[in-house]
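*Asks:* Quick check, what structure comes out for this input:
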Amino acid sequence: MKSLPRISDPELSFVMPCYNEQEIIGYTIPRFTAAFRNAGIKLELIAVDNGSRDRTGEMIREMAANDPAIIYHRVEINEGYGNGVLSGLTVCRAPWVGIIPCDGQVDAEDVVALFDAIKTTDGNVLGKVRRRFRMDGLWRKIVSVSYNLMVRVLWPRLGSIDVNGSPKILPREAIEAMDLKSKTWFLDPEIVIKAHYMGLRVLEFNVFARMRGNGLSHVRVGTCWEFLRNLMIFRFSPAMPKWRRKLNSTLKNDETQAAAISH
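*Replies:* Numbers count the residues shown, from 1 in each chain. I've put the predicted structure just below:
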């Protein structure tokens, strides 16, 4: 089954990893692309079959055959949510890039509103949602609050009180400069932390986060410990200083080249 020709000159590329999500993507993906189409925004959605073993890939291909905004992309072996995103980012073409889970917990219309708010900025911005109203159980809320407090202790000036809130939207040049590495759910905080060091302003948009309608969440109790372990590694390992030195060197080279051109 062939996909339709890709949309020319998209305004926004979104990466949506899908792992064994046959129960929900038949609702969430069409609604997502329709919301942007109704708003007159040229979207390309990179729907990543993230190593699924059910009909997820087949369903994405079927939708891509009928909607030019949907791009089918396959990861053969699931290595985590972040790996699906990283793979999908290589396919993006638009000047703005976003990432979002396929669970539909944030209304598509709210994502459109977020993009409307940031596309008129100077581009030095990370747009993301803050799940201000969440239909989670008490335990999930306690874990979320504790986790975000820990992040604020380690990075007091981070500019976000819901680090894992997605979608996230930022300039493609910025996300390429981040040199993202996390193959797990830790990709979300990696983006926010690196955006902080890059001087990107965080524009956080309050949304209502719905409960998952169908399918199973892939966040487990072990995920919480993984987050905490990665936070400590990320804060105190030499990897971040090394990335910052590389980023500063690149920026200085760009400034030197720009100055040479101007003369």
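
*Asks:* Show me the shaky parts of this protein.
*Replies:* Along the chain, segments meeting pLDDT under 70 span 1-3, 133-140, 211-224, 253-263.

*Asks:* need the strands for it, in chain order.
*Replies:* 12-18, 43-50, 70-75, 96-99, 125-134, 168-171, 201-209 (DSSP state E).

*Asks:* pretty sure residue 107 is in contact with residue 205, am I right?
*Replies:* No - judged on CB atoms under 8 Å, residue 107 makes no contact with residue 205 at a distance of 11.5 Å. Every residue, glycine included, has its C-beta placed from N, CA and C.

*Asks:* the more surrounded of those two?
*Replies:* residue 205 (20 against 16; other CB atoms under 10 Å).

*Asks:* The more buried one pairs with what?
*Replies:* Applying DSSP bridges to residue 205 gives these bridge partners: residue 129.

*Asks:* mind checking how far it is from residue 49?
*Replies:* To residue 49, residue 205 is 29 Å away according to CB to CB, to the nearest Å.

*Asks:* how about the most centrally placed residue in the chain, what does it touch?
*Replies:* Relative to the mean C-alpha position of the chain, the nearest C-alpha, by CA atoms, centre = their mean, is the one of residue 99, at 2.4 Å. Neighbouring residues of residue 99 by CB atoms under 8 Å, 6 or more residues apart in numbering: 14, 15, 16, 85, 166, 167, 168, 187, 191.

*Asks:* Now that the third one has come up, it's in contact with residue 98, right?
*Replies:* No - counting by CB under 8 Å, residue 16 sits too far from residue 98 to count as a contact (9.0 Å).

*Asks:* for the contacts of residue 99, which one is nearest residue 179?
*Replies:* residue 191 (11.4 Å; CB to CB).

*Asks:* Leaving out chain neighbours, which residue sits closest to the closest one?
*Replies:* In this structure, residue 191 finds its nearest non-sequential neighbour in residue 168, 5.9 Å apart by CB to CB, 6 or more residues apart in numbering.

*Asks:* Can you give me the neighbour number for that neighbour?
*Replies:* Other residues near residue 168 come to 24 when the count uses other CB under 10 Å.

*Asks:* One more: residue 102?
*Replies:* Residue 102 has 23 nearby residues by other CB under 10 Å.

*Asks:* isn't residue 42 right up against residue 10?
*Replies:* Yes - counting by CB under 8 Å, residue 10 is a contact partner of residue 42 at 4.8 Å.

*Asks:* Tell me which of these two has more neighbours.
*Replies:* Higher neighbour count among residue 42 and residue 10: residue 10, with 21 against 14, using other CB under 10 Å.

*Asks:* Distance of that one relative to residue 85?
*Replies:* Residue 10 sits 18 Å away from residue 85 when distances are taken as CB to CB.

*Asks:* Break down the stretch 51-200 of the chain into its helices, ranges please.
*Replies:* Ranges of helices in the stretch 51-200 of the chain, per DSSP state H, counting those that start in this stretch, are 56-64, 81-89, 108-118, 138-154, 172-177, 187-197.

*Asks:* Including distance to residue 71 and mean neighbour count, could those go into a markdown table?
*Replies:* A markdown table is the format used below for the helices of the stretch 51-200 of the chain (distance: least, CB to CB, whole Å; neighbours: other CB atoms under 10 Å):
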| stretch | distance to residue 71 | mean neighbour count |
| --- | --- | --- |
| helix 56-64 | 7 | 20 |
| helix 81-89 | 9 | 23 |
| helix 108-118 | 17 | 18 |
| helix 138-154 | 32 | 14 |
| helix 172-177 | 15 | 16 |
| helix 187-197 | 20 | 21 |
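
*Asks:* now these as CSV including distance to residue 232?
*Replies:* Shown next, in CSV, are the helices of the stretch 51-200 of the chain (distance: least, CB to CB, whole Å):
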stretch, distance to residue 232
helix 56-64, 34
helix 81-89, 18
helix 108-118, 31
helix 138-154, 8
helix 172-177, 24
helix 187-197, 12
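
*Asks:* wait, which of the ones you listed is closest to residue 252?
*Replies:* Comparing the helices of the stretch 51-200 of the chain by CB to CB, helix 172-177 comes nearest, at 13.3 Å.
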